[in-house]
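S.K.: heads up, no residue letters with this:
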């Protein structure tokens, strides 16, 4: 059985790295990740330049009671 959680990942380099950063955040918290789904992609523009890629991902981890 899986537990699902939504996580925000960010990166100044691209969407792929933003996803990796989000998944790594969950793994570093000690959870075992099984799969993820990208729910949303967006970005931040500051002073007329693209500064940050942002993703919302749904991550499946092992269910713990």
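M.R.: Here it is on my side, so go on. In this text the structure is predicted, and so the values were computed from the model without any measurement.
S.K.: any idea whether the most centrally placed residue in the chain is helix, strand or coil?
M.R.: The centre of the chain sits closest to residue 22, judged by Cα atoms, centre = their mean, with a distance of 3.0 Å. Under the three-state scheme (DSSP: H, G, I helix; E, B strand; the rest coil), residue 22 adopts helix.
S.K.: Quick check: it touching residue 8?
M.R.: Yes: assessed by Cβ atoms under 8 Å, residue 22 is found in contact with residue 8 at 6.5 Å. (Glycine included, C-beta is placed from N, CA and C.)
S.K.: okay, and the common contacts of those two?
M.R.: Each of residue 55 lies in contact with both residue 22 and residue 8 under the rule Cβ atoms under 8 Å, 6 or more residues apart in numbering.
S.K.: pLDDT weak spots in this structure?
M.R.: Within the chain, the stretches with pLDDT under 70 are 65.
S.K.: which residues in it form helices?
M.R.: Using DSSP state H, the helices of the chain run over residues 15-28.
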